[in-house]
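1. Okay, sequence plus prediction incoming.
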Amino acid sequence: MRGKRLVNWLAALFASVLGCIALAAPAKAEDGYGLWLRYAPPEGEAKAELSRHPIVLATNSQQDNPTIAVAMAELERGLESLSGLDVDRRASVPTSSLSDVTLISLQCDHPQIAGGGAFSLNSSSSKVSILASEPIGCLYGAFALLRSLSEGEPLDSIAYSSAPAMPLRMLNHWDNPDGHVERGYAGRSIFDWWHLPERLDQRMIDYARANASIGINGVVVNNVNARAFMLEQRYIAKYKRLADAWRPFGIRLYVSARFSAPQDIGGLNTSDPLDPAVRAWWKAKADEFYRAVPDFGGFLVKANSEGQPGPQDFGRTHADGANMLAEAVGNRGTVIWRAFVYSEEDETDRAKQAYAEFVPLDGQFADNVIIQVKNGPIDFQPREPYHPMFGAMPNTNLMLEAQITKEYLGFASHLAFLAPMWEEVLDEQTGRAGTVAEVVSPVGMAGVANTGSDRNWTGSHFDQANWYAFGRLAWDPDLSSEHIAREWASQTFTRDPQANDAIVAMMMRSREAVVSYMTPLGLAHLMDTGHHYGPAPWVCDLARPEWNPCYYHRADAEGIGFDRTVHGSDALSQYPDEIAERWDDPATIDPRFLLWFHHVAWDAKLSSGETLWEALVAEYDRGVEEVDAMARQWAELSDAIDPQRFRAVSESLEIQCKEARWWRDASIAYWQSINGLPVPNGARQPAETIEAYQSRSFPEAPGQ
Ligand code: BDP
């Protein structure tokens, strides 16, 4: 031990000398697997500080507690990587004060810190303590400390307390048992169901580390379009292996359940939730889960939506179905029931259907039922107004569902940082119930995961930021997108302030750019059929009306947009009066929602003085220009970013520049074929004819 310490002293001395010289090392190639947990050594002053003294890492708390053990292991790994020193790990916190060492200590049974993952970081003269009342708080605190150090914060200024705003911060995987991921754009599934339970890939541990580092504490492992056989005993054994591996990281496992399982795999002739045999079957099934996984989180259910079975097949309500499962799970777990429902038989505006089905059931759901509501009333579009169910069900547990995988925002090919979109909805006022964040904070947030088997996890380096941002916002919905972008960029790419500013600026403009070149001024659902890649506003003849882009844009010779006022579908009446009044008038509505709620004449004058047609074309152009600007900003960063990731991002931006033009041109060409108008003065004519755009076909696009 003494020898090791001597080596550390020498290393510290050497490092501080080097730090003073502050040699800029050439960036080495990286593949992105390390995510934001790279723990890249700081440069210059910050490096000198961290490696000035040997580092002692110690805890008096039970070292054999699995969560404390992973916290200690993570700190050791992170501190060694950040400082370049070997960390001296002690089984107890030294009582006599050590001089000339950096002491990092953990206390995980501190009576004055709240539970639920809260922690406090304190530091003074090279002593940093992580305090929590339970092991999971220590783990979150450990990650928070490593985050601060990774961002280059000086050790002595680290003083920070934090507690999660929401109890449930979960990922929903749309992964199928055969390894295909529905709407996944990062390769195959990260779950190797076939070889579980015997084989547990290291990726499953790194995945749990990444999640814990941003506070995610629940994972639904399979697609909401669920296969019933994933409830069979052979799968329960697989879940047990995963749950055991994730437990130290504070992650509970949940499973999507197919409502008709009693018939599909249970040998019953009904799945009627009021049938005693069906209830008994689910109770026995839940017991089987809890025997194997005592902290099993519960079931997620997509019912009576897009062809999935549900209680309505038996003349029952969503409350009947959810409560039956809630009884089976009991106080051991939760039933998460999705509000994403619409039906082809229902002729009402699709945007109104979920509210119409669920709001009358307010107060009827069991205490351990959560209703999971998408951010907007249609379906994860680049921009939607907030879902009117938020604020309209005061007696129901409501949770926000966001989509991290970018099904409607350019897959993994386009850079779109989604935090501004989520921030927009979380900050929205719902009337008396407060903001959406206030409505969902007592319950939680779910994000449809964007991970896959790709080496960089998410299909593109910048898509890692969306996973990161989701976790950070679920922990603290008051964090600003810009703050999150900055944190992520400095851990993931570089701490160089100028480069960091440029990356953050790119991220902050990216989502709005996508809205502008895909669905400007409140348009929505204009993507191609099936795979959802690229524009196809011309599709009008699919069997289900609400699958057609024409259903949403309603463009005709006079104008464009969906009239959702009292003269149209009256979806506006689902919002509180003060909001509905503001949105009811095309002159006062936020122009970003104009065509969502109004059918507007092409030649109508907007408050900007432009006609609608001029404003629309200008928006498309703005989107294209923004992407060009992002590409230019990135091109200047070649010295600041390692070559492998620099090149990968450059190539993605090249695709995005090309495809932004495709969206713009194909959309404008189509609107022109309807309104017969020339492009406004100064604007560029679409590069190809409408027929050329319509004839493009690529059934092999990923993620179907
Ligand atoms: C839609 C997706 C579809 C999902 C559905 C859902 O296209 O693949 O199954 O959402 O959320 O956006 O259930």
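-> Everything's here; your move. Numbering: from 1, shown residues only.

2. Stretch 328-347 and the ligand, are they touching?
-> Yes: using C-beta under 6 Å from any ligand atom, stretch 328-347 reaches the ligand at residue 340. Glycine gets a C-beta too; all of them are placed from N, C-alpha and C.

3. Tell me where the model's unsure across this protein.
-> 1-29, 45-46, 97 (pLDDT under 70).

4. Could you pull out the helices in the stretch 301-450 of the chain for me?
-> 318-329, 350-358, 419-426, 436-440 (DSSP state H, counting those that start in this stretch).

5. how many other residues sit next to residue 140?
-> 28 (other C-beta atoms under 10 Å).

6. How much space separates it from residue 106?
-> Distance of residue 140 to residue 106, computed by C-beta to C-beta, to the nearest Å: 12 Å.

7. Any idea how far stretch 576-587 is from the middle of the chain?
-> Relative to its parent chain, stretch 576-587 has a centroid offset of 30 Å by C-alpha atoms, centre = their mean, to the nearest Å.

8. again, but for stretch 393-402
-> Mean-position distance between stretch 393-402 and its chain equals 17 Å (C-alpha atoms, centre = their mean).

9. Repeat that for stretch 416-429.
-> The answer for stretch 416-429 is 11 Å, by C-alpha atoms, centre = their mean.

10. Need the helices of the stretch 301-450 of the chain in JSON lines (columns: mean neighbour count).
-> Formatted as JSON lines, those follow (neighbours: other C-beta atoms under 10 Å):
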{"stretch": "helix 318-329", "mean neighbour count": "24"}
{"stretch": "helix 350-358", "mean neighbour count": "22"}
{"stretch": "helix 419-426", "mean neighbour count": "24"}
{"stretch": "helix 436-440", "mean neighbour count": "23"}
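
11. Export the ones you listed as a markdown table, with columns for distance to residue 448.
-> Shown next, in a markdown table, are the helices of the stretch 301-450 of the chain (distance: least, C-beta to C-beta, whole Å):
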| stretch | distance to residue 448 |
| --- | --- |
| helix 318-329 | 20 |
| helix 350-358 | 17 |
| helix 419-426 | 12 |
| helix 436-440 | 16 |
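
12. Go through these and name the closest to residue 80.
-> Minimum separation from residue 80 across these (C-beta to C-beta) falls at helix 419-426, 30.8 Å.

13. Residues touching the host helix or strand of residue 280, excluding its own?
-> Using DSSP states H and E, residue 280 falls within helix 276-292. Contact partners of helix 276-292, identified using C-beta atoms under 8 Å, 6 or more residues apart in numbering, comprise 231, 233, 236-237, 239-240, 255, 261-262, 266, 268, 270-273, 296, 324-325, 327-330, 332-333.

14. Same question for stretch 496-511.
-> Applying C-beta under 8 Å, 6+ apart, the set of residues contacting stretch 496-511 is 382, 409, 415-418, 420-421, 462, 465, 481-482, 485-486, 489-490, 493-494, 626, 629-630, 633-634, 636-637, 640-641.

15. what sits against the closest residue to residue 589 other than its chain neighbours?
-> Spatially, and ignoring its direct neighbours in sequence, residue 589 is nearest to residue 583 (4.7 Å; C-beta to C-beta, 6 or more residues apart in numbering). By C-beta under 8 Å, 6+ apart, the contact list for residue 583 reads 385, 572, 575, 589, 590, 593, 597.

16. Give me the phi and psi for residue 583.
-> The phi/psi pair for residue 583 (degrees, to the nearest 10) reads phi -80, psi -10.

17. got the residues of the stretch 251-400 of the chain near the ligand?
-> Residues of the stretch 251-400 of the chain lying near the ligand (C-beta under 6 Å from any ligand atom): 302, 306, 340, 379, 380.

18. got a list of what the first one touches?
-> Contacts here follow C-beta under 8 Å, 6+ apart; on that basis residue 302 touches 224, 225, 226, 256, 308, 338, 340.

19. Mind doing that once more with 6 Å?
-> Residues near residue 302 by C-beta atoms under 6 Å, 6 or more residues apart in numbering: 224, 308, 338.

20. what's the answer for the second one, then?
-> With contacts defined as C-beta under 6 Å, 6+ apart, residue 306 has no neighbours.

21. Could you list the buried residues of the host helix or strand of residue 241?
-> Element membership for residue 241, per DSSP H and E: helix 233-246. Residues of helix 233-246 classed as buried: 235, 236, 238, 239, 240, 241, 242, 243, 245, 246 (neighbour count, 16 or more other C-beta atoms under 10 Å).

22. For the residue of the stretch 451-600 of the chain found nearest the ligand, grab the count of nearby residues.
-> The ligand sits closest to residue 532 of the stretch 451-600 of the chain, with a gap of 6.5 Å, by C-beta to the nearest ligand atom. Neighbour count of residue 532, defined by other C-beta under 10 Å: 16.
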